[in-house]
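Enquirer: Next comes the sequence, and after it the predicted model I'd like to discuss.
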Amino acid sequence: MEPRDSWAALAAGGVAGVCVDLILFPLDTVKTRLQSPQGFRKAGGFRGIYAGVPSTAIGSFPNAAAFFITYENVKSVLPHGSSSYLSPATHMVAASLGEVVACLIRVPSEVVKQRAQVSPSSSTLRILSHTLYHEGIQGLYRGYKSTVLREIPFSLVQFPLWESLKDLWSWKQGHVVDSWQSAVCGAFAGGFAAAVTTPLDVAKTRIMLAKAGSSNASGNVLAALGGIWRTQGLSGAHVSPVFGLEEKQRDFWKVVTFPCSFP
(Lines give C-alpha, C1' and ligand atoms only; values in the text may rest on other atoms or scores of the structure.)
Protein backbone atom coordinates (compact mmCIF):
# COMPACT_ATOMS: atom_id res chain seq x y z
CA MET A 1 0.00 0.00 0.00
CA GLU A 2 1.42 3.38 -1.03
CA PRO A 3 2.14 5.94 1.73
CA ARG A 4 -0.36 8.31 0.16
CA ASP A 5 -3.07 5.64 0.23
CA SER A 6 -2.18 4.81 3.84
CA TRP A 7 -2.69 8.41 4.90
CA ALA A 8 -5.96 8.51 2.97
CA ALA A 9 -7.17 5.39 4.78
CA LEU A 10 -6.05 6.82 8.10
CA ALA A 11 -7.82 10.15 7.61
CA ALA A 12 -10.95 8.74 5.99
CA GLY A 13 -11.49 6.03 8.60
CA GLY A 14 -10.80 8.40 11.48
CA VAL A 15 -13.00 11.30 10.37
CA ALA A 16 -15.85 9.04 9.32
CA GLY A 17 -15.58 7.19 12.62
CA VAL A 18 -15.99 10.35 14.67
CA CYS A 19 -18.99 11.55 12.65
CA VAL A 20 -20.84 8.24 12.69
CA ASP A 21 -20.07 7.41 16.33
CA LEU A 22 -21.49 10.72 17.53
CA ILE A 23 -24.59 10.53 15.33
CA LEU A 24 -25.48 6.98 16.40
CA PHE A 25 -24.42 7.33 20.04
CA PRO A 26 -27.99 7.30 21.50
CA LEU A 27 -28.61 3.86 19.99
CA ASP A 28 -25.40 2.61 21.57
CA THR A 29 -26.55 3.91 24.97
CA VAL A 30 -29.89 2.12 24.65
CA LYS A 31 -28.11 -1.10 23.70
CA THR A 32 -25.73 -0.91 26.68
CA ARG A 33 -28.58 -0.26 29.12
CA LEU A 34 -30.63 -3.12 27.71
CA GLN A 35 -27.67 -5.45 28.19
CA SER A 36 -26.69 -4.20 31.65
CA PRO A 37 -27.33 -6.60 34.58
CA GLN A 38 -29.50 -4.07 36.49
CA GLY A 39 -31.91 -3.69 33.60
CA PHE A 40 -32.84 -0.86 31.26
CA ARG A 41 -34.77 1.37 33.68
CA LYS A 42 -32.32 1.15 36.59
CA ALA A 43 -29.42 1.78 34.21
CA GLY A 44 -30.99 5.12 33.25
CA GLY A 45 -33.68 4.32 30.72
CA PHE A 46 -33.92 7.12 28.18
CA ARG A 47 -32.42 9.64 30.61
CA GLY A 48 -28.98 11.10 29.85
CA ILE A 49 -28.84 9.41 26.46
CA TYR A 50 -25.48 11.07 25.65
CA ALA A 51 -23.78 9.98 28.88
CA GLY A 52 -20.24 8.85 28.09
CA VAL A 53 -20.01 10.67 24.77
CA PRO A 54 -16.67 12.40 25.63
CA SER A 55 -15.01 9.00 25.84
CA THR A 56 -16.33 8.08 22.41
CA ALA A 57 -15.41 11.46 20.93
CA ILE A 58 -11.80 11.10 22.10
CA GLY A 59 -11.34 7.43 21.20
CA SER A 60 -13.29 7.28 17.95
CA PHE A 61 -10.75 8.80 15.54
CA PRO A 62 -7.69 6.76 16.62
CA ASN A 63 -9.81 3.61 16.96
CA ALA A 64 -11.31 3.84 13.46
CA ALA A 65 -8.02 4.95 11.94
CA ALA A 66 -6.10 2.09 13.58
CA PHE A 67 -8.56 -0.46 12.23
CA PHE A 68 -8.66 0.77 8.66
CA ILE A 69 -4.96 1.46 8.31
CA THR A 70 -4.24 -2.08 9.55
CA TYR A 71 -6.99 -3.62 7.43
CA GLU A 72 -5.90 -1.91 4.21
CA ASN A 73 -2.17 -2.53 4.73
CA VAL A 74 -2.59 -6.21 5.65
CA LYS A 75 -4.96 -6.72 2.71
CA SER A 76 -2.42 -5.13 0.36
CA VAL A 77 0.44 -7.47 1.34
CA LEU A 78 -1.58 -10.70 1.38
CA PRO A 79 -2.36 -12.59 -1.85
CA HIS A 80 -5.70 -11.60 -3.36
CA GLY A 81 -7.36 -10.61 -6.59
CA SER A 82 -5.88 -13.06 -9.10
CA SER A 83 -6.66 -16.06 -6.87
CA SER A 84 -10.34 -15.64 -6.09
CA TYR A 85 -10.40 -18.53 -3.64
CA LEU A 86 -7.85 -16.70 -1.47
CA SER A 87 -9.84 -13.44 -1.27
CA PRO A 88 -12.16 -14.48 1.63
CA ALA A 89 -9.16 -15.68 3.67
CA THR A 90 -7.30 -12.45 2.91
CA HIS A 91 -10.22 -10.32 4.11
CA MET A 92 -10.66 -12.49 7.22
CA VAL A 93 -7.02 -12.17 8.24
CA ALA A 94 -6.89 -8.44 7.48
CA ALA A 95 -10.10 -7.70 9.40
CA SER A 96 -9.05 -9.85 12.37
CA LEU A 97 -5.66 -8.16 12.70
CA GLY A 98 -7.36 -4.80 12.29
CA GLU A 99 -9.67 -5.58 15.20
CA VAL A 100 -6.83 -6.77 17.45
CA VAL A 101 -4.94 -3.52 16.89
CA ALA A 102 -8.01 -1.27 17.14
CA CYS A 103 -9.09 -2.92 20.41
CA LEU A 104 -5.95 -1.60 22.08
CA ILE A 105 -7.56 1.83 21.72
CA ARG A 106 -11.22 0.83 21.69
CA VAL A 107 -11.39 -1.12 24.95
CA PRO A 108 -10.34 1.65 27.40
CA SER A 109 -12.72 4.04 25.64
CA GLU A 110 -15.46 1.40 25.68
CA VAL A 111 -15.04 0.62 29.38
CA VAL A 112 -15.36 4.28 30.41
CA LYS A 113 -18.19 4.89 27.94
CA GLN A 114 -20.29 1.92 29.05
CA ARG A 115 -19.86 2.68 32.73
CA ALA A 116 -20.92 6.26 32.08
CA GLN A 117 -23.92 5.07 30.08
CA VAL A 118 -25.30 3.09 33.02
CA SER A 119 -24.42 5.85 35.52
CA PRO A 120 -25.70 9.03 33.81
CA SER A 121 -25.33 11.05 37.02
CA SER A 122 -21.54 10.54 36.99
CA SER A 123 -19.26 12.40 34.61
CA THR A 124 -16.90 10.63 32.23
CA LEU A 125 -13.86 12.13 34.00
CA ARG A 126 -15.11 10.95 37.37
CA ILE A 127 -15.62 7.42 36.08
CA LEU A 128 -12.16 7.40 34.50
CA SER A 129 -10.57 8.61 37.75
CA HIS A 130 -12.53 6.07 39.80
CA THR A 131 -11.49 3.20 37.50
CA LEU A 132 -7.81 4.17 37.55
CA TYR A 133 -7.79 4.67 41.33
CA HIS A 134 -9.48 1.36 42.20
CA GLU A 135 -8.36 -0.90 39.36
CA GLY A 136 -5.39 0.77 37.70
CA ILE A 137 -4.62 0.51 34.00
CA GLN A 138 -5.79 -3.10 34.09
CA GLY A 139 -9.27 -1.85 34.86
CA LEU A 140 -9.36 0.08 31.59
CA TYR A 141 -8.47 -3.08 29.70
CA ARG A 142 -10.97 -5.29 31.44
CA GLY A 143 -12.91 -6.96 28.70
CA TYR A 144 -10.11 -6.83 26.11
CA LYS A 145 -10.26 -10.58 25.55
CA SER A 146 -14.04 -10.61 25.40
CA THR A 147 -14.04 -7.69 22.96
CA VAL A 148 -11.53 -9.40 20.66
CA LEU A 149 -13.50 -12.65 20.92
CA ARG A 150 -16.57 -10.74 19.79
CA GLU A 151 -14.91 -8.63 17.10
CA ILE A 152 -12.97 -11.37 15.33
CA PRO A 153 -15.90 -13.77 14.73
CA PHE A 154 -17.97 -10.79 13.63
CA SER A 155 -15.30 -9.68 11.18
CA LEU A 156 -14.73 -13.23 9.94
CA VAL A 157 -18.36 -13.24 8.81
CA GLN A 158 -18.89 -9.54 8.07
CA PHE A 159 -15.99 -8.43 5.90
CA PRO A 160 -15.65 -11.45 3.56
CA LEU A 161 -19.43 -11.41 3.02
CA TRP A 162 -19.36 -7.65 2.41
CA GLU A 163 -16.49 -7.91 -0.07
CA SER A 164 -18.14 -10.87 -1.83
CA LEU A 165 -21.46 -9.06 -2.18
CA LYS A 166 -19.70 -6.00 -3.61
CA ASP A 167 -17.78 -8.16 -6.11
CA LEU A 168 -20.97 -9.95 -7.13
CA TRP A 169 -22.89 -6.70 -7.58
CA SER A 170 -19.98 -5.14 -9.51
CA TRP A 171 -19.84 -8.16 -11.82
CA LYS A 172 -23.60 -8.07 -12.40
CA GLN A 173 -23.67 -4.39 -13.38
CA GLY A 174 -20.31 -4.27 -15.13
CA HIS A 175 -18.65 -1.59 -12.96
CA VAL A 176 -17.53 -0.98 -9.38
CA VAL A 177 -20.35 -0.51 -6.88
CA ASP A 178 -21.38 2.98 -5.81
CA SER A 179 -21.22 4.09 -2.16
CA TRP A 180 -24.95 3.43 -1.54
CA GLN A 181 -24.61 -0.05 -3.01
CA SER A 182 -21.62 -0.69 -0.76
CA ALA A 183 -23.76 0.44 2.18
CA VAL A 184 -26.55 -1.99 1.23
CA CYS A 185 -24.05 -4.85 1.05
CA GLY A 186 -22.57 -3.78 4.39
CA ALA A 187 -25.98 -3.58 6.05
CA PHE A 188 -26.85 -7.10 4.98
CA ALA A 189 -23.46 -8.51 6.00
CA GLY A 190 -23.53 -6.69 9.34
CA GLY A 191 -27.08 -7.81 10.11
CA PHE A 192 -26.21 -11.44 9.52
CA ALA A 193 -22.99 -11.25 11.56
CA ALA A 194 -24.70 -9.42 14.44
CA ALA A 195 -27.35 -12.12 14.74
CA VAL A 196 -24.59 -14.69 15.21
CA THR A 197 -22.41 -12.78 17.70
CA THR A 198 -24.94 -10.96 19.92
CA PRO A 199 -24.34 -13.36 22.88
CA LEU A 200 -20.64 -12.44 22.83
CA ASP A 201 -21.57 -8.75 22.83
CA VAL A 202 -23.81 -9.23 25.89
CA ALA A 203 -21.00 -11.09 27.68
CA LYS A 204 -18.57 -8.26 26.86
CA THR A 205 -20.95 -5.67 28.32
CA ARG A 206 -21.46 -7.68 31.52
CA ILE A 207 -17.70 -8.08 31.98
CA MET A 208 -16.98 -4.38 31.49
CA LEU A 209 -19.76 -3.33 33.87
CA ALA A 210 -19.03 -5.93 36.56
CA LYS A 211 -17.95 -4.72 39.98
CA ALA A 212 -14.31 -5.28 40.88
CA GLY A 213 -13.86 -8.65 42.57
CA SER A 214 -17.00 -10.21 41.11
CA SER A 215 -16.91 -13.36 38.99
CA ASN A 216 -17.52 -11.47 35.75
CA ALA A 217 -14.68 -9.05 36.52
CA SER A 218 -12.22 -11.89 35.82
CA GLY A 219 -13.02 -11.54 32.13
CA ASN A 220 -14.01 -15.17 31.60
CA VAL A 221 -16.38 -15.10 28.63
CA LEU A 222 -17.69 -18.64 29.13
CA ALA A 223 -18.42 -17.92 32.80
CA ALA A 224 -20.25 -14.72 31.84
CA LEU A 225 -22.33 -16.55 29.24
CA GLY A 226 -23.05 -19.30 31.76
CA GLY A 227 -24.26 -16.77 34.31
CA ILE A 228 -26.53 -15.14 31.75
CA TRP A 229 -27.93 -18.54 30.77
CA ARG A 230 -28.64 -19.51 34.38
CA THR A 231 -30.37 -16.25 35.31
CA GLN A 232 -32.07 -15.21 32.07
CA GLY A 233 -31.97 -18.16 29.73
CA LEU A 234 -31.57 -17.94 25.97
CA SER A 235 -33.35 -14.58 25.76
CA GLY A 236 -30.75 -12.98 28.05
CA ALA A 237 -27.94 -13.88 25.65
CA HIS A 238 -29.77 -12.24 22.75
CA VAL A 239 -30.65 -8.94 24.40
CA SER A 240 -30.93 -6.03 21.94
CA PRO A 241 -29.72 -7.74 18.74
CA VAL A 242 -31.30 -4.91 16.72
CA PHE A 243 -29.57 -2.16 18.71
CA GLY A 244 -26.41 -4.27 18.66
CA LEU A 245 -26.33 -3.80 14.90
CA GLU A 246 -25.61 -0.12 15.46
CA GLU A 247 -22.18 -0.67 16.91
CA LYS A 248 -20.91 -2.76 14.03
CA GLN A 249 -22.80 -1.02 11.25
CA ARG A 250 -20.76 2.07 12.16
CA ASP A 251 -17.74 0.36 10.60
CA PHE A 252 -19.49 0.12 7.26
CA TRP A 253 -20.68 3.71 7.31
CA LYS A 254 -17.10 4.75 8.04
CA VAL A 255 -16.09 3.02 4.81
CA VAL A 256 -18.89 4.21 2.54
CA THR A 257 -18.65 7.81 3.83
CA PHE A 258 -15.30 8.02 2.04
CA PRO A 259 -15.55 5.43 -0.78
CA CYS A 260 -12.69 6.95 -2.77
CA SER A 261 -10.22 5.87 -0.11
CA PHE A 262 -11.40 2.25 -0.02
CA PRO A 263 -11.63 0.82 -3.56
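Expert: Arrived safely, thanks for sending.
Enquirer: Per-residue pLDDT of residue 168, please?
Expert: On pLDDT, residue 168 comes in at 91.
Enquirer: Near it, how many other residues are there?
Expert: When neighbours are defined as other CB atoms under 10 Å, residue 168 has 12 of them. Where you see a C-beta, it was placed from the backbone N, CA and C, and this is true even at glycine.
Enquirer: and it, what helix or strand is that in?
Expert: Applying DSSP states H and E as the criterion places residue 168 in helix 144-173.
Enquirer: helices or strands up against that helix?
Expert: helix 87-117, helix 179-209, helix 221-237, helix 241-257 (3 or more CB pairs under 8 Å, 6 or more residues apart in numbering; DSSP states H and E).
Enquirer: With mean neighbour count added, can I get the ones you listed in a markdown table?
Expert: Formatted as a markdown table, the helices and strands packed on helix 144-173 follow (neighbours: other CB atoms under 10 Å):
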| stretch | mean neighbour count |
| --- | --- |
| helix 87-117 | 22 |
| helix 179-209 | 21 |
| helix 221-237 | 15 |
| helix 241-257 | 21 |
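Enquirer: can I get the ones you listed in CSV with mean pLDDT?
Expert: Putting the helices and strands packed on helix 144-173 into CSV (pLDDT from 0 to 100) gives the following:
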stretch, mean pLDDT
helix 87-117, 88
helix 179-209, 83
helix 221-237, 75
helix 241-257, 49
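Enquirer: how about the helix holding residue 168: buried residues?
Expert: 144-166, 169 (16 or more other CB atoms under 10 Å).
Enquirer: do the same with stretch 212-223
Expert: Quick answer for stretch 212-223 (16+ other CB under 10 Å): 216-217, 219-221.
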